[in-house]
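Asks: Build me a model:
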Amino acid sequence: MLWVNVVFAFPTARWYAHLGPGAWTITELKALLRQAMPRLAERTATNAIM
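Replies: Residues are numbered from 1 along each chain as shown. Purely as a prediction, here's the structure:
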């Protein structure tokens, strides 16, 4: 239940939940997140992934 609330409340969590199955490195996830949300600062993208 908590994860569902997080996904609805935070755009970065929603983005992650919709990536689908797969295995990514942290670097790949940061690049994908910055592509999906280009207005995010580098530090914000890093914090979102961590």
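Asks: wait, residue 45 sits on residue 32?
Replies: No - counting by C-beta atoms under 8 Å, residue 45 stays clear of residue 32, with 9.6 Å between them. In short, each C-beta sits where N, CA and C put it, glycine included.
Asks: Have a look at the two and say which one is more surrounded.
Replies: residue 45 (19 against 16; other C-beta atoms under 10 Å).
Asks: Now do the helices in the protein.
Replies: Residue ranges of the helices in the chain, as given by DSSP state H, are 2-9, 11-17, 26-36, 42-49.
Asks: will you turn these into CSV that also has mean pLDDT?
Replies: Compiled in CSV, those are given as follows (pLDDT from 0 to 100):
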stretch, mean pLDDT
helix 2-9, 76
helix 11-17, 80
helix 26-36, 89
helix 42-49, 86
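Asks: and residue 26, what does it touch?
Replies: 49-50 (C-beta atoms under 8 Å, 6 or more residues apart in numbering).
Asks: can you do 10 Å?
Replies: Taking C-beta atoms under 10 Å, 6 or more residues apart in numbering, we find residue 26 in contact with 46, 49-50.
Asks: could you measure it against residue 46, distance?
Replies: Distance of residue 26 to residue 46, given as C-beta to C-beta, to the nearest Å: 8 Å.
Asks: what's the answer for residue 37, then?
Replies: Where residue 46 is concerned, residue 37 sits at a distance of 13 Å (C-beta to C-beta).
Asks: just residue 21 next, same as before
Replies: Using C-beta to C-beta, residue 21 is found at 24 Å from residue 46.
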